[in-house]
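**Student:** sharing a sequence plus its predicted fold:
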Amino acid sequence: QARTTDQPVGRIDMDAWYDNRDDFYGQIVQGAVSSFSSGVQGEEVAQKASWSNPVTWRFSIVANDPLAQTSNLNVIRYGITDEASKLNLNTATRQQLTTLSQVVLRSQQINADDLVKAIFYWRSPVKEGQQDGAEDAYYQTLDHPYEVKHAPFDSVEELLMVRGITGQILFGEDWNRNGVLDPGENDGDVSFPPDNGNGQLDQGLYPFLTVWSSEPNTSNTNNQRVNLNMGGGDPRKLLDSLPEYYTDAEKTAIGVAQSKGKLDTPLALLINGPEDGSGFSIDDLPRILDDLTTTKAQSFSGLVNVNTAPVKVLQAVGFTEDEAHRIVTARASLAGKDKTTLAWLIQQGVIDMKRLSDPKLFNALTARAFQFRVESIGFADHIGAFCRLEVIIKMNGRVCQIASWRDLSGLGLGWPVRGRQEGTTVARASLR
């Protein structure tokens with residue numbers, strides 16, 4: 001919770017939670033110098049317990065890194081994964097889901113259009129008399145027939161209920177869901193799961209999808225954003241609603257932009273502002289994009305976080321493959337505090353302002369997150385036991401809520417419990 005609340009570091013500064021080995025690696029839960037009966041507790045335990053200590057219980061927060069998906073490296077990240085880094089299964093458009101299926105499942109002989117059609121039919125309400133008879137009939141011919149849901153997905157795994165979605169399509173070769181190419185996932189048909197032995201991990205659709213992502217239409221300080229299209233063409237109501245630190249020149253620029261018609265994105269303040277260039281500059285973009293909006297919507301579902309989304313998800317929302325790679329490369333060199341809005345894409349010269357001002361693209365993006373996936377590995381050095389848990393945390397302001405809790409120990413440990421400096425010891429069995 002301390003790493004995902006708003007202040008003083010919190011979710012706004014992703015450096016606190018995205019990749020933080022100091023806080024999330026090998027943390028001691030309980031330990032002693034030689035045994036549990038030694039009476040060593042609290043800070044003394046933390047000081048005396050070490051990797052060589054024979055009796056220590058620890059945990060690590062682990063996650064796959066998008067670098068592993070682009071470089072074929074087994075990269076382990078000690079941090080939390082935001083759900084906005086994925087495509088929302090319940091709100092994604094047909095084009096977004098089709099593109100994602102095409103770029104993720106290139107090695108599989110699938111018809112992306114058919115898959116997406118089945119997904120939409122499953123998740124969409126259907127009026128009486130408008131059912132797809134052939135689609136409904138398929139589900140009734142199964143050994144254990146069931147009805148089409150016609151409602152949003154409750155989990156990504158629910159895709160396995162949809163016509164045409166197999167375990168291979170959903171999980172690829174990564175059936176233990178760790179994003180790491182394990183030996184058994186690179187040996188052909190020698191061991192489960194089936195794989196092509198080409199030295200590259202096919203992760204399937206699973207790591208690129210979510211059902212959790214949403215965010216309020218508020219600033220990073222939890223203030224309601226000002227709608228640039230309010231007032232029905234009368235600028236007075238809009239100008240009176242602006243924060244007091246907006247200058248007269250900036251208010252004039254807003255009035256000029258509004259007089260030219262409905263604004264599709266806040267970027268229009270620079271694109272359609274006064275011809276003499278007065279008003280706003282590119283340096284003002286972080287403030288503009290944080291304070292202002294062009295819609296009266298109170299919240300958004302399914303926005304994709306440009307700070308954490310992998311290349312394939314960025315492609316799905318409309319970026320070219322080259323643009324997606326440029327984003328992933330550029331963001332790696334920036335501190336979290338410099339990426340709190342979409343402004344950095346323009347300020348760093350990664351994406352052209354006119355390109356980003358396309359409302360279809362701009363309105364699919366965000367630079368923050370409110371739902372987080374925590375995968376925790378608890379392990380005992382001295383007996384080789386482990387437990388693997390997955391928790392979805394939702395932030396409502398500074399209030400932390402647990403939305404989902406699952407024990408994934410049945411999938412196996414999945415991760416080395418020690419880093420390279422401490423060797424390659426892994427836990428041998430689950431206590432669950």
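**Tutor:** Structure received.
**Student:** check contacts around the spatially closest residue to Glu321 that is not a sequence neighbour.
**Tutor:** The shortest distance from Glu321 to any non-neighbouring residue, by CB to CB, 6 or more residues apart in numbering, is to Gln315 (5.8 Å). The way it works is simple: take the backbone N, C-alpha and C, and place the C-beta from them, glycine included. Going by CB atoms under 8 Å, 6 or more residues apart in numbering, Gln315 touches 99-100, 103, 321, 324.
**Student:** which intervals of the stretch 251-400 of the chain have sub-threshold pLDDT?
**Tutor:** Residues of the stretch 251-400 of the chain that meet the criterion pLDDT under 70 lie in 274-278, 381.
**Student:** and Ser155, what is it in contact with?
**Tutor:** With contacts taken as CB under 8 Å, 6+ apart, Ser155 has the following neighbours: Val211.
**Student:** pretty sure Ser404 sits in a strand.
**Tutor:** Yes. Applying DSSP: H, G, I helix; E, B strand; the rest coil, one finds Ser404 inside a strand.
**Student:** what's around it, how many residues?
**Tutor:** Summarising burial for Ser404: neighbours were counted as other CB atoms under 10 Å, giving 15.
**Student:** give me the element the nearest residue to it once chain neighbours are set aside is part of.
**Tutor:** With CB to CB, 6+ apart as the measure, Ile392 is the residue that lies nearest to Ser404, at 3.9 Å, once sequence neighbours are left out. Per DSSP states H and E: Ile392 is located in strand 385-396.
**Student:** could you list the paired strands of that strand along with their orientation?
**Tutor:** strand 371-380 (antiparallel), strand 399-407 (antiparallel), strand 429-430 (parallel) (DSSP bridges).
**Student:** isn't Gln96 right up against Phe319?
**Tutor:** No. Distance between Gln96 and Phe319: 11.4 Å, which falls outside the contact criterion (CB atoms under 8 Å).
**Student:** residues in contact with Asn363?
**Tutor:** Thr265.
**Student:** and it, how far from Ala316?
**Tutor:** Relative to Ala316, Asn363 is positioned 15 Å away (criterion: CB to CB, to the nearest Å).
**Student:** kindly report the same for Phe386.
**Tutor:** From Phe386 over to Ala316 (counting by CB to CB), the distance is 34 Å.
**Student:** now swap in Asn227 and tell me
**Tutor:** Applying CB to CB, the value for Asn227 to Ala316 is 28 Å.
**Student:** also Ile61?
**Tutor:** Ile61 sits 27 Å away from Ala316 when distances are taken as CB to CB.
**Student:** mind checking the SS state of the closest residue in space to Lys339 that isn't next to it in sequence?
**Tutor:** Closest residue to Lys339 in three dimensions, ignoring its sequence neighbours and counting by CB to CB, 6+ apart: Asn307, at 4.9 Å. Classification of Asn307 into helix, strand or coil gives coil, according to three-state DSSP.
**Student:** I'd guessed Asn307 sits against Leu345; true?
**Tutor:** No. Counting by CB under 8 Å, Asn307 sits too far from Leu345 to count as a contact (10.0 Å).
**Student:** which parts of the stretch 51-200 of the chain are strands?
**Tutor:** Taking DSSP state E, counting those that start in this stretch as the criterion, the stretch 51-200 of the chain contains strands spanning 56-61, 63-64, 76-77, 81-82, 87-88.
**Student:** point out the most buried one among the ones you listed.
**Tutor:** The highest mean neighbour count among the strands of the stretch 51-200 of the chain, using mean count of other CB atoms under 10 Å, belongs to strand 81-82: a mean of 26.
**Student:** helices and strands around it, which ones?
**Tutor:** Applying 3 or more CB pairs under 8 Å, 6 or more residues apart in numbering; DSSP states H and E, one finds that strand 81-82 contacts strand 371-380.
**Student:** how far off centre is the strand it packs on?
**Tutor:** Averaged C-alpha coordinates place strand 371-380 at 16 Å from its chain's average position (CA atoms, centre = their mean, to the nearest Å).
**Student:** then stretch 108-117?
**Tutor:** Per CA atoms, centre = their mean, the centroid offset for stretch 108-117 relative to its chain is 24 Å.
**Student:** flag every buried residue along it.
**Tutor:** Neighbour counts over stretch 108-117 (16 or more other CB atoms under 10 Å) mark 110, 112, 115-117 as buried.
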